[in-house]
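Participant: A structural model of the following input is requested.
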Amino acid sequence: MKLFVIGSGNVANSLGTAFKKAGHEITGVFGRNPLTSARLAKKLNTIAFSELNNIPLDSDIYLLAIKDDAINEIAHIIKKFKGVLVHTSGTTSISTLSRFNNHGVFYPVETIKTNFPLSYKKVPICLEASNEVSLKKLLELAGSISNEIFLLDSNQRAQLHLAAVFTNNFNNYLLGISFDILKNSQLPKELLKELAYSTVKNAFSLGSYQSQTGPAVRNDKITIQKHVHMLKKDKTRLGIYNFLTKEIINVHKKHKK
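Facilitator: Got it, this is the predicted structure:
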């Protein structure tokens, strides 16, 4: 299958590399940054284009691996073609690409960096397409890199993305606070490694609310007050601690009923 990549950031790099390894032909790369576009084109053994009006029009799929707020703009600049135009956004509606007869969404549920993940085999790929012809091509493309394929509409995908933010972004932020606390006491972050792993494992095997432990669940007021005292100089983190503690207490009461 022939693919043209629009974008030169993390998602374009990661997916472009995965498609290349899967045996697809990358017909070209376009990005607003000439340096990163040229670098990605070299990596994918293809050509970097500096103008959208000059890109080849005979590719099977055109991948918009760009920021969400640029999707609508780029979709209205590109010349129409017979191939399928897809974006990789979790929150952008498929209707944004409705100017094209054949369009869709190719959304991988994973945190993506230039060289991560190393394999997409276990990464869920969520697809949506404007018609059966487009869907058939997206299923073939997704199946070439992943064993986990789901068909979601735009509303379902937006809900999934919201859940993903809580799962990934917010957890990363909280782990950052944890690492800072340890660092300030000259303690290695590896002390939390097994706890972090078992937390996620138990959440999926037992249920997140069912596997909840800690002072809030036990209503351990003495420990909670100790923690509050330790955080009194940092109003932001104290606010987060108090809010989450209160929420855990409330949720635990509901699930006990």
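Participant: which other residues reach stretch 54-64?
Facilitator: Residues outside stretch 54-64 that contact it (Cβ atoms under 8 Å, 6 or more residues apart in numbering): 1-7, 12, 15-16, 27-28, 30, 49, 71, 74-75, 78-79, 81-88, 97, 106, 137-138, 141. Bear in mind the C-beta positions are built from the backbone N, C-alpha and C, glycine included.
Participant: Buried residues in that stretch, which are they?
Facilitator: For stretch 54-64, a neighbour-count test (16 or more other Cβ atoms under 10 Å) marks I55, S59, D60, I61, Y62, L63, L64 as buried.
Participant: residue ranges of the helices in this protein, please?
Facilitator: Assigned by DSSP state H, the chain shows helices spanning 10-21, 34-43, 68-75, 132-143, 154-164, 171-184, 193-205, 215-218, 221-230, 235-256.
Participant: Show me what the longest one is packed up against.
Facilitator: Contact analysis of helix 235-256 by 3 or more Cβ pairs under 8 Å, 6 or more residues apart in numbering; DSSP states H and E lists helix 171-184, helix 215-218, helix 221-230 as its packing neighbours.
Participant: Can you lay out the helices of the chain as CSV showing mean pLDDT, mean neighbour count and distance to I112?
Facilitator: Converted to CSV, the helices of the chain look like this (pLDDT from 0 to 100; neighbours: other Cβ atoms under 10 Å; distance: least, Cβ to Cβ, whole Å):
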stretch, mean pLDDT, mean neighbour count, distance to I112
helix 10-21, 96, 20, 5
helix 34-43, 95, 17, 14
helix 68-75, 93, 15, 14
helix 132-143, 98, 17, 15
helix 154-164, 97, 15, 12
helix 171-184, 97, 13, 14
helix 193-205, 95, 11, 19
helix 215-218, 92, 16, 33
helix 221-230, 96, 12, 35
helix 235-256, 91, 13, 27
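Participant: now those in CSV, with distance to K121?
Facilitator: What follows is those, written out as CSV (distance: least, Cβ to Cβ, whole Å):
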stretch, distance to K121
helix 10-21, 10
helix 34-43, 21
helix 68-75, 26
helix 132-143, 11
helix 154-164, 19
helix 171-184, 23
helix 193-205, 18
helix 215-218, 37
helix 221-230, 41
helix 235-256, 35
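Participant: Can you lay out the helices and strands packed on helix 235-256 as JSON lines showing distance to A163?
Facilitator: Output for the helices and strands packed on helix 235-256, formatted as JSON lines (distance: least, Cβ to Cβ, whole Å):
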{"stretch": "helix 171-184", "distance to A163": "12"}
{"stretch": "helix 215-218", "distance to A163": "22"}
{"stretch": "helix 221-230", "distance to A163": "28"}
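Participant: Mind checking these for the one nearest to V251?
Facilitator: Evaluated over the helices and strands packed on helix 235-256, closeness to V251 peaks at helix 215-218, with 9.2 Å, by Cβ to Cβ.
Participant: Could you list every helix and strand in contact with that closest one?
Facilitator: Packed next to helix 215-218, using 3+ Cβ pairs under 8 Å, 6+ apart, are helix 221-230, helix 235-256.
Participant: From S205, how far off is the closest residue to T245 other than its chain neighbours?
Facilitator: Spatial nearest neighbour of T245, excluding adjacent residues (Cβ to Cβ, 6 or more residues apart in numbering): A216 at 4.7 Å. From A216 over to S205 the distance is 22 Å, taken as Cβ to Cβ, to the nearest Å.
Participant: before we move on, what about P34?
Facilitator: Separation of P34 from S205 (Cβ to Cβ) stands at 48 Å.
Participant: swap in H252?
Facilitator: In terms of Cβ to Cβ, H252 sits 19 Å off from S205.
Participant: Please give me every residue in contact with N72.
Facilitator: The neighbourhood of N72, defined by Cβ under 8 Å, 6+ apart, consists of T96.
Participant: how far away is it from S59?
Facilitator: Separation of N72 from S59 (Cβ to Cβ) stands at 21 Å.
Participant: likewise E128?
Facilitator: As judged by Cβ to Cβ, E128 and S59 stand 20 Å apart.
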